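**Q** pasting the sequence and the predicted coordinates here, then a few questions.
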Amino acid sequence: MDTASPYMTVQDVAAYLRVKPKTIYAWAGEGRIPAVKLNGLLRFRRAEIDSWAESCERSSGRLATLPQGGRSRGGTARSIPPSGGIERIIDRVKNEVLHSRLGEARPAVKPGKEG
């Protein structure tokens, strides 16, 4: 991790927060973590990540509670759409984040063949 640069890569943030890179892509795609796109590359401002992590700590009243994943307290998985599981969903979100353009609107439903 380059500490001189104010920007961090997905891998830098994942290592910093001790989560998997796929989690960072998912959080960025959902808008749960502050991110910017520089020439199509996903980057994170170090100061914003620190502020975001601190706000997660303050809002929960506990130490370092970051956004919860797909499991409930009982350890059972929440309902996952039958579209191929969580890995497929994360890959789709990652792809959308990496290939979308700033300010570009996505259609609510993918257009089908006109018939």
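**A** Structure received.

**Q** the least confident helix or strand in the chain by mean pLDDT: which residues count as buried?
**A** One helix or strand of the chain scores below all others by mean pLDDT, DSSP states H and E: helix 86-99, with a mean of 74. Within helix 86-99, the residues scored as buried using 16 or more other C-beta atoms under 10 Å are Ile89, Ile90, Val93, Lys94, Val97. Yep, even glycine has a C-beta here, placed from its N, CA and C like the rest.

**Q** all helices of this structure, in order?
**A** 10-17, 21-30, 46-60, 86-99 (DSSP state H).

**Q** I'd like those written out as JSON lines, with distance to Asn39 added.
**A** Formatted as JSON lines, these follow (distance: least, C-beta to C-beta, whole Å):
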{"stretch": "helix 10-17", "distance to Asn39": "15"}
{"stretch": "helix 21-30", "distance to Asn39": "16"}
{"stretch": "helix 46-60", "distance to Asn39": "19"}
{"stretch": "helix 86-99", "distance to Asn39": "12"}
